[in-house]
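Asker: Sequence first, predicted coordinates after that:
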Amino acid sequence: MRVLVTGATSLLGQTVARQLIERGTDVAVLQRGPSGLDAKEHLGDITDPAVVARAVTGADAVVHVAARVAVVGPWKDFQRINVNGTRIVLEAARAAGASRFVQVSSPSVAHSGMSLVGASAAPADPGGARGHYARSKALAEQAVLAAPDMAVLAVRPHLVWGPGDTQLIGRIVERARRGRLAVVGSGMALIDTTYIDNAADAIIAALDKAPDLSGRALVISNGEPRPVRELFDRIATAAAVESSRLKVPAAVAWLGGALAERVWNCTGRTGDPPMTSFMAEQLSTAHWFDQRETRQLLGWTPAVPLDEGFRRLTAWYQADC
Amino acid sequence: MSPAPGAATSPAAASVPPDKLPGLAPAWSRLVTAGGHGFHLLDNGIKDASVTLVCVHGNPTWSYSWRSVISAAPPGVRVIAVDQLEMGFSERTGTTRRLGQRVADLGTVIDALDITGPIITVGHDWGGAISLGWAVENVHRLAGVVLVNTAVHQPEGARAPLLIRMVRPFISWICVRLPLFLWGTTVLARPPLRKALRNAYFAPYRTAQRRAAIGDFVADIPLEAEHPSYDDLTAIARGLERLAEVPVLLLWGPEDPVFSDLYLRDLKARLPHADVHRFIGAGHLVVEDADIAGTIHRWVEVDPSPPTPAPGGRSPLWAALDARAADDAVAITEASYGGNRSMSFAELATAVRHVAAGMAAHGIAKGDRVALLVPPGIDLTIALYACWRRGAVVVLADAGLGPRGLTRAMASASPQYVIGIPRALAAARALRWPGERISVTTLSTLHNRTLGVATSLPALRAIGQGSPLPDPPVDDAAAAVVFTSGSTGPAKGVAYRHHQLQAQRDALMAAYGITGADRLVAAFGPFALYGPAMGITSMVPDMDVTSPGTLSATALVDAVSAIDATLVFASPAALTSIAATADALSSAAYQALKGVRMLLSAGAPVHPDVLRNARTLMPGAEAHTPYGMTEVLPVADITLEGIEAAGNGNGVCVGFPVAGVTVRISPLDRGGEASDELTDNPGVTGEILIRAPHMKETYDSLWATQQAAATPPGWHRSGDVGHFDDQGRLWVEGRMADIVTTAEGPVTPVGIEHAIESLPGIAQAAVVGVGPPGTQQSVAILRPTDPPRRPRLASVDRTDAVRAVAGVPVAAVLEVPRVPVDRRHNAKIHRGQLADWAEGALAGGRMSSP
């Protein structure tokens, strides 16, 4: 079986591709820059139908990881890459005769900002999703799950992290280093996260089980929620930086975040603002998930517990710096 | 006479309710013509039903109140709920219908419905009286009668007639022109009704014209013999004797300002064979407040189990007193201000006989309930044994329940008599506890009048000297209603028969090798009462038994030396307090304590250190702690050495079951529910089930609770969760309600808490679950020895240490200023309350303290 993995320079895309290669799967990858993987490599943008058509030729399955992941930025960017890009990959896969399509999605596609306590995977809801990223991913997921002729499956890993992660770990460490990491609210909100290897394992399990589970959306996590404050402390400790002593009331953070978003959007700044209203919600409300169905359907359990994940993160920072 | 209703009524045909009323399926609605009038009724339309429930609503509700009885109906059960004429969506005939007419209407509509098979009538409020009116005339068709907050008679002392008389002149305004009565009824729901439900109750009564019958109904309540409906109601009340062979279920919301417990008591007296369930906290609209539907269907399903006859072969509770009736040895000593007061066996035996005879002469009948609100000591002992000898049923509730808890207990047990000390009688008066009041001591006339006291113990004793001793009760007779401590929800009344108490006395004597040579100091309520039954000298030390921490070492030593005690029974709190005040002891005092051969800690879980410390004071004593509950005690027993030998494990080791007691485990499934299977295999965790001759008879006026607890029949489901080890010792892992149901399976708290408490700097630990059942996360909540001022996350180091010893995944480790515990023992953690708090805190809610 040949599998096309998009977005293979991202931590998750890269790990999925590598694990597939390691188990002997014939892997092709599609991303803008070189992946460094021992795979058939296609360079280019997923919004370019010609590139995508070439990349998907001969593929039996697609794991679509590539996406624009950011907390700010204009809607049209998210729409172009996450919504239209996904449609292009989906259509090309169908045209090329691929039989399976695994969409890497996000729990935020069904998250309206309330606390999620032991929640199960609700249907994607572009109308209720918070922020451009979540809305675009919700539209993309809907498009995938409605696609005919293929076994289609959406997996929604929650807060993927691991050594080399720039999205979550990188941001937290960077802020902590600058003394600007703030705990929003009490810091007690329980948050589920997913160690990178587990997320990749789950995606590969989804690829294997896609024919039986077509049309489903499954949330993926380590199933070990932790208070957000504890997560910050452990990440900072792993990176040997001082953890946060700043505390911001949730309401203040939300208001500040909402303001920052306006300013960033109006001024066209591309860097991360110190806070967005979405981040404030994410950091001050619980979100953890009922993993029973996911594990049972995928026949998968996380191989790397959080403790081991933090050990590996510590080792990586020690080797890296 | 009855005032005319306020508003003119004009005819209107029956109609169907509007769509989309919550919980109501339009398919249930039928319009039926009977006796020339149009009825709206709900009917699930089951064909060839095994039984048909005919439900009759009260005033000012309509058939809507029975919707859950319909939706919860098991296969084969037909449920019909009729809107009475002029009410709900039935026809407005333009006439006033009185009780007799309404009973006739019900008969007409039942006849029109072609009901095959037996009928169970179900009635709420005045619908109860109407349904009974039909029932007593159709006993041959009846399979049962269910009554919910209703009446057939105005019992003496009821406030309702007063209320009704007060509103009568204003009926038109209150009931008809304005929907005040309707509004008032719906706001009686506890908790308050959702708006959509309130609107549904209002739906058929939108205009004054449609409400006319609400006023007629109130006007039709017969309070005086001249009332046109008086004779009809009286006839129904009299007719109840025809229901002697018909199963009856009385369901009650006690927080009802109109149909108070007095009405329940009246009905119980008329239908003594009835099953009764009082839904504690529920009110008049109990159909909305509690699971009436589930309870009714369960009751319909369950075959009444025949009462098990007394096994016999045991001696009466007063046998030892009779045997020592000529013995001048001290039976009981009590500490009091002017020095110790004692009574010999001969004196006690005489006093008990005289008071028993006096009770009979005064009119206290066999089976009457007598609440004893007297602290342990000579007076309580006399009153208790006299009641038993008379055949009266003693009601015992711990003053530790507090005024609110005691009021609930008294309302629930509904005693005919209260024997109390002045303080208790004052509370009885102020809080309107039921029962004729009897003072323990002779009071002044003025005092008697102020407290509403009818007689006194000395007076009964005096009458009894010249009265014949009544026949003793049989072993099968009811003997006691004892209230639980209420540390796990509202206190429940636990009913015992004589043979069960005899068995309890014998079990205690056997378990602790008690002989006539023993002398008992009991600083723990229940045991203090059994001295005379065991035929041994006993003494209650100078303490407030409701507050076990108040026992000082000096008081204990005084008691021990006063009777040369060989047995000391005390609560862990009392033992801790003794150890704390030990420095004040003289060497003579130490000498006195050397004669104690057995030390027993009971009432709450005890830490081995408490036993160890107490035993340094009583070096000759074997230290024991029994496991048991108000429903069955003792269940198991363990010594201090046994606890030490058992070591650490998952839970608290409570030892081996005592002789005569069978313990089994009902294994938990993955969702934390106990199954029906029973096992004694080691290592299997589940609910602890107990069977013993000294087990309770039933929960009092809690039919559904008893059903749930006595499953399978003959067993008592303790609500505790635990397991046997491979040596056959029983370990208690917590309460069933405290099980954390994780995705990996059920987790019990106690063993983990003990492991965490072994870490340095932690005074107390509680393990609770957050999240939806079945996928919960365990959370450890700590009270450090140096507690924080506000709740906070534990440090990373402490979190790691807790996770390392917990043995199960722990999502979060929190530190709090205090852990809520029960007031009585200061030991049982309110894990439910903590879990609710943690759920909020860990969801990212605003921070409060638990």
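Answerer: In hand now; what should we look at?

Asker: who in the stretch 51-200 of chain A is up against chain B?
Answerer: Within reach of chain B by C-beta under 8 Å from any C-beta of the partner chain, the stretch 51-200 of chain A has these residues: A:115, A:117-118, A:185-190. Quick note: C-beta positions are derived from backbone N, CA and C, even for glycine.

Asker: where does the chain have low pLDDT?
Answerer: Reading this off chain A. Along chain A, segments meeting pLDDT under 70 span A:244-245, A:250-280, A:320-321.

Asker: Oops, wrong one, chain B.
Answerer: In chain B (pLDDT under 70), the answer is B:1-9, B:305-307, B:488, B:525, B:545-549, B:823-827, B:845-850.

Asker: That one - how does it break down into domains?
Answerer: B:26-301, B:331-473, B:663-736, B:739-842 (automatic domain parsing).

Asker: Which of those sits closest to A:Ser106?
Answerer: domain B:739-842 (20.4 Å; C-beta to C-beta).

Asker: Quick one: distance of that closest one to the chain centre.
Answerer: Chain-centre distance of domain B:739-842: 29 Å, with C-alpha atoms, centre = their mean, to the nearest Å.

Asker: What segments of chain A are helices?
Answerer: Taking DSSP state H as the criterion, chain A carries its helices at A:11-22, A:49-56, A:75-78, A:85-95, A:131-145, A:169-177, A:196-213, A:228-238, A:250-267, A:277-284, A:292-298, A:306-320.

Asker: What are the buried residues along the fourth one?
Answerer: Of the residues in helix A:85-95, A:85-94 count as buried by neighbour count, 16 or more other C-beta atoms under 10 Å in any protein chain shown.

Asker: how near is the residue of the stretch 1-150 of chain A found nearest chain B to B:Thr741?
Answerer: Going by C-beta to the nearest C-beta, chain B is nearest to A:Gly118 of the stretch 1-150 of chain A, at 3.4 Å. Going from A:Gly118 to B:Thr741 by C-beta to C-beta, to the nearest Å gives 10 Å.

Asker: any common contacting residues for the two?
Answerer: B:775-776 (C-beta atoms under 8 Å, 6 or more residues apart in numbering or on different chains).

Asker: between the domains of chain B, which gets nearest to chain A?
Answerer: Checked against C-beta to the nearest C-beta, the stretch from the domains of chain B lying closest is domain B:739-842, at 3.4 Å.

Asker: Just the C-alphas of stretch A:34-44, formatted as PDB.
Answerer: Extracted C-alpha coordinates of stretch A:34-44, given in PDB (Å, rounded to 0.1, in the frame of the first residue of the first chain):
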ATOM      1  CA  PRO A  34      12.500  19.100   2.000                       C
ATOM      2  CA  SER A  35      11.400  16.600   4.700                       C
ATOM      3  CA  GLY A  36      14.700  14.800   5.100                       C
ATOM      4  CA  LEU A  37      12.700  11.500   5.000                       C
ATOM      5  CA  ASP A  38      13.500   8.400   3.100                       C
ATOM      6  CA  ALA A  39      10.300   8.700   1.000                       C
ATOM      7  CA  LYS A  40       9.200   9.700  -2.400                       C
ATOM      8  CA  GLU A  41       9.200  13.400  -2.000                       C
ATOM      9  CA  HIS A  42       6.900  16.000  -3.700                       C
ATOM     10  CA  LEU A  43       7.600  19.600  -3.100                       C
ATOM     11  CA  GLY A  44       4.800  22.200  -3.400                       C
END
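
Asker: What residues of that stretch count as buried?
Answerer: Buried, per 16+ other C-beta under 10 Å, within stretch A:34-44: A:35, A:37, A:39, A:41-42.

Asker: ok, residues contacting it?
Answerer: Looking at what lies outside stretch A:34-44 - C-beta under 8 Å, 6+ apart - the contacts are A:5, A:8-9, A:13-14, A:17-18, A:21, A:26-33, A:51-52, A:54-55.

Asker: Just the buried residues out of those, in ChimeraX syntax.
Answerer: In ChimeraX syntax, the buried subset of the contacts of stretch A:34-44 is picked out as below (16+ other C-beta under 10 Å):
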select /A:5,8,9,13,14,17,18,21,27,28,29,30,31,51,52,55
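
Asker: how about the helices of chain A in CSV, adding distance to A:Val104?
Answerer: Output for the helices of chain A, formatted as CSV (distance: least, C-beta to C-beta, whole Å):
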stretch, distance to A:Val104
helix A:11-22, 7
helix A:49-56, 16
helix A:75-78, 15
helix A:85-95, 10
helix A:131-145, 9
helix A:169-177, 18
helix A:196-213, 7
helix A:228-238, 22
helix A:250-267, 25
helix A:277-284, 19
helix A:292-298, 14
helix A:306-320, 19
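
Asker: before we move on, back to that, turn the domains of chain B into a markdown table, including distance to chain A and mean neighbour count.
Answerer: Listed next are the domains of chain B as a markdown table, based on distance: least, C-beta to the nearest C-beta, whole Å; neighbours: other C-beta atoms under 10 Å in any protein chain shown:
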| stretch | distance to chain A | mean neighbour count |
| --- | --- | --- |
| domain B:26-301 | 21 | 20 |
| domain B:331-473 | 33 | 20 |
| domain B:663-736 | 10 | 19 |
| domain B:739-842 | 3 | 20 |
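
Asker: can you redo those domains as CSV with distance to B:Pro490?
Answerer: Below are those laid out as CSV (distance: least, C-beta to C-beta, whole Å):
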stretch, distance to B:Pro490
domain B:26-301, 5
domain B:331-473, 6
domain B:663-736, 10
domain B:739-842, 13
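
Asker: Out of those, flag the one nearest A:Arg156.
Answerer: domain B:739-842 (16.5 Å).

Asker: For the stretch 351-500 of chain B, which segments count as helices?
Answerer: B:378-390, B:402-413, B:422-430, B:445-451, B:457-465, B:498-511 (DSSP state H, counting those that start in this stretch).
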